[in-house]
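Trainee: Build me a structure from this.
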Amino acid sequence: MFVHDDEHMFGRIILVSLVAVALWALLARDSDAGGAAGSYRVQSGDTLWSIAASSYRGDPRDGVWKLRNANHLAGSAIAPGQVLRLP
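Mentor: Below is the predicted model:
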């Protein structure tokens, strides 16, 4: 008799787990950590710092580093009209 009750309990646990995973998958939101890269056309007066500050959350230094690496920049010089890849 106990074996029968244990089988029902195991089935319920599996069912609840599957429903929980399905709800998590439907309601989970993207963190933008792996989002598609965009691009930005440099305007007069722009700097890597100003672009990083407006394009990334947090410390702009991290954004400047990302911009330099993604665009293979040796320094911080950019020119109006230049198109930068935004990782």
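
Trainee: and the end-to-end length of stretch 70-87?
Mentor: 7 Å (C-alpha to C-alpha, to the nearest Å).

Trainee: for stretch 56-64, same thing?
Mentor: OK, stretch 56-64 end separation, C-alpha to C-alpha: 9 Å.

Trainee: cool, stretch 20-37 as well?
Mentor: End-to-end for stretch 20-37, by C-alpha to C-alpha: 32 Å.

Trainee: could you give the mean pLDDT of it?
Mentor: Averaging pLDDT along stretch 20-37 yields 61.

Trainee: The chain should start at 127 in everything you say after this.
Mentor: Happy to do that; since the first residue is 127 now, the last one works out to stretch 146-163.

Trainee: mind checking how far Val190 is from Ile204?
Mentor: 11 Å (C-beta to C-beta, to the nearest Å). (Glycine included, C-beta is placed from N, CA and C.)

Trainee: between those two, what contacts are shared?
Mentor: Leu174 (C-beta atoms under 8 Å, 6 or more residues apart in numbering).

Trainee: That'll do, ta.
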